[in-house]
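Chemist: what's the 3D shape of this:
(one chain, ligands or ions: 1)
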Amino acid sequence: MKIALKNLTVSYQRHPAVHHASGEFALGDATAIFGPNGAGKSTLLKAMMGALKPDAGSVELSGLAVRDIAYLPQQSEIDRSLPVSVTDLVATGLWHESGAFGRMGRTGLARVAHALEQVGLTGFAARPISALSSGQFQRVLFARILVQDARLILLDEPFNAVDAKTTFDLLELVRQWKEEGRTVIAVLHDYEQVRAYFPYTLLMGREVIAWGTTETVLTDANLRRAVDRTASWHDKAPVCHTDEEAA
Ligand SMILES: Nc1ncnc2c1ncn2[C@@H]1O[C@H](COP(=O)(O)OP(=O)(O)OP(=O)(O)O)[C@@H](O)[C@H]1O
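Modeler: This next block holds a predicted model:
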């Protein structure tokens, strides 16, 4: 198995948001993607799960099938007005086993119930998702990841608008996933969370500013460079002429 970026450039209207990123993620461990607003962190995650097509370069996910990848978008990107229950939503994590419109058997129901128990939401199974608080909804999304049983877990700002207790409980799940040998890659803004739970960090500033162990990456000098690089890349940055075009 290998999870790597190879000279990856991802653009919006050909203006690069992630520029020539290369490197390899630590397998069976947790890596934080860190950097200022607009540094290209979400764009990178979306490219990794295949929602955005690279302009150049590639994401190498060898040894992983689509079903092995779980992706949690930012809460602001999820429509919570859908008339579905907590159980319905968590059960969508089983789609690769039951099919998109397949019936969930007794085992599936038991797995959903167990996942809800693990995230502290026993008793919430029948609630509509529209009636949950932000923190409860985030617990439901983590339960969905639990039933999906993915080997690669991509999380985009999973603790935004989530209280301290919920954040702590969900970070403990990240710790559990690491112990189970899963690879976790999360966009985070909280320095302390990164230092406590994420042994590796990829620091972005539209480009890779630094990538390695968290203590070597999160230095004042690197953080300053990430801010400077991001600020100098405004949205009218020149169209990226890729290496292929130049050749
Ligand atoms: N759908 C889009 N269309 C055009 N430009 C976009 C789009 N999404 C992001 N961008 C631009 O790409 C750049 C990187 O955005 P991205 O969301 O990846 O950054 P980020 O590091 O995740 O930021 P934040 O911490 O604020 O979430 C930003 O300058 C943004 O303006």
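
Chemist: In this protein, where is pLDDT below threshold?
Modeler: In the predicted model of the chain, residues 98-104, 234-247 satisfy pLDDT under 70.

Chemist: how many neighbours does Ala115 have?
Modeler: As a burial measure, the neighbour count of Ala115 was computed by other CB atoms under 10 Å and equals 23. Bear in mind the C-beta positions are built from the backbone N, C-alpha and C, glycine included.

Chemist: hang on, it in a helix?
Modeler: Yes. Looking at Ala115 with DSSP: H, G, I helix; E, B strand; the rest coil, it is inside a helix.

Chemist: can you tell me which residues contact it?
Modeler: Contact criterion CB atoms under 8 Å, 6 or more residues apart in numbering gives Val90, Gly93, Ala143, Arg144, Leu146, Val147 as the residues in contact with Ala115.

Chemist: tell me which parts of this protein are close to the ligand?
Modeler: Tyr12, Ala17, Gly35, Asn37, Gly38, Ala39, Gly40, Lys41, Ser42, Thr43, Asp235 (CB under 6 Å from any ligand atom).

Chemist: Tell me the spatial nearest neighbour of the third one, not counting adjacent residues.
Modeler: In this structure, Gly35 finds its nearest non-sequential neighbour in Met204, 3.8 Å apart by CB to CB, 6 or more residues apart in numbering.

Chemist: show me where the protein has strands.
Modeler: Listed in chain order, the strands found in the chain under DSSP state E are 2-12, 15-24, 30-34, 56-62, 69-72, 152-156, 183-187, 200-205, 207-213.

Chemist: I'd like those strands laid out as TSV, including mean neighbour count.
Modeler: What follows is those, written out as TSV (neighbours: other CB atoms under 10 Å):
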stretch	mean neighbour count
strand 2-12	18
strand 15-24	19
strand 30-34	26
strand 56-62	16
strand 69-72	21
strand 152-156	23
strand 183-187	24
strand 200-205	24
strand 207-213	19
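
Chemist: Dump these to JSON lines, plus distance to Gln118.
Modeler: As requested, the strands of the chain are exported to JSON lines (distance: least, CB to CB, whole Å):
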{"stretch": "strand 2-12", "distance to Gln118": "25"}
{"stretch": "strand 15-24", "distance to Gln118": "31"}
{"stretch": "strand 30-34", "distance to Gln118": "18"}
{"stretch": "strand 56-62", "distance to Gln118": "27"}
{"stretch": "strand 69-72", "distance to Gln118": "15"}
{"stretch": "strand 152-156", "distance to Gln118": "14"}
{"stretch": "strand 183-187", "distance to Gln118": "16"}
{"stretch": "strand 200-205", "distance to Gln118": "25"}
{"stretch": "strand 207-213", "distance to Gln118": "29"}
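
Chemist: Can you give the domain ranges for this structure?
Modeler: The record's domain split for the chain, according to the TED database, is 1-64+151-241, 71-150.

Chemist: re the thing from before, please verify my assumption that the residue nearest to Gly35 contacts Ile33.
Modeler: Yes. Here Met204 reaches Ile33: they are 6.1 Å apart, a contact under CB atoms under 8 Å.

Chemist: Between those two, which contacts overlap?
Modeler: Jointly contacting Met204 and Ile33 under the rule CB under 8 Å, 6+ apart are Lys41, Leu44.
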